[in-house]
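Q: got a sequence here, can you model it:
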Amino acid sequence: METQIRLLDFLISLVALILLTPLLALLFLVCFADTRRPIFTQKRVGKSELPFTIYKFRTMKPGAGDIPTHLVSASLITKVGKFLRTYKLDELPQLINVLVGNMSLVGPRPSLPSQKELISVRRQFGVQNLKPGITGPAQIKGIEMSDPLGLVKEDVKLLENFNFNFYFTCILKTIMRLRNF
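A: Model prediction:
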């Protein structure tokens with residue numbers, strides 16, 4: 001099933017990137033006008049705890065550093081960044097991560113290397129063996145990385161229940177959740 005999910009990830013992210021090109025270009029220009037550095041890259045922990053670079057639209061002032069979202073001071077977030085975060089638009093460049101294969105559409109959110117407690121708890125439950133994703137059960141329920149055990153309890157559902165139905169249900173629930181903003 002891993003091969004089929006990889007194919008779905010590739011095809012969906014490719015189509016999404018093509019269809020969203022005008023929006024991505026617009027967001028790029030808005031972010032460029034806001035910070036002069038529209039794309040934010042960051043090292044994250046991926047499958048088997050291997051590091052990879054994640055892509056996002058910049059929402060914080062340049063030089064803010066690698067701060068977990070739940071610890072970010074509101075003063076570091078730009079006005080454009082606040083809008084992007086509210087509607088999860090800052091995460092659209094992660095479709096590139098999905099396209100190249102270091103992320104999936106559905107999986108546990110990739111942690112920062114500095115989030116040792118979260119990494120440790122994920123290791124205990126085997127979650128580190130999953131490819132990180134843009135969305136998953138924890139994101140749908142709004143569980144933040146500040147609650148490592150709660151997050152991992154939801155991540156374990158990926159290990160126990162992952163199938164095509166679960167994959168598409170997570171994607172649809174994420175879209176429905178975004179529509180309710």
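
Q: which stretch of helix or strand covers the residue most central in space within the chain?
A: Compute the mean C-alpha point of the chain, and by C-alpha atoms, centre = their mean the closest residue is Ile134, 3.5 Å away. Secondary structure from DSSP states H and E places Ile134 in strand 133-135.

Q: what is that strand packed up against?
A: For strand 133-135, the packing partners by 3 or more C-beta pairs under 8 Å, 6 or more residues apart in numbering; DSSP states H and E come out as helix 94-100, strand 104-106, helix 164-179. Where you see a C-beta, it was placed from the backbone N, CA and C, and this is true even at glycine.

Q: ranking these by burial, who's on top?
A: strand 104-106 (a mean of 25; mean count of other C-beta atoms under 10 Å).

Q: quick one: the next helix-or-strand element following that strand to chain centroid distance?
A: Reading on from strand 104-106 to the C-terminus, the next helix or strand found by DSSP H and E is helix 116-125. Distance of helix 116-125 from the chain centroid (C-alpha atoms, centre = their mean, to the nearest Å) equals 18 Å.

Q: can you mark which positions in helix 116-125 are buried?
A: Using 16 or more other C-beta atoms under 10 Å as the burial criterion, the residues of helix 116-125 that qualify are Leu118, Ile119, Val121, Arg122.
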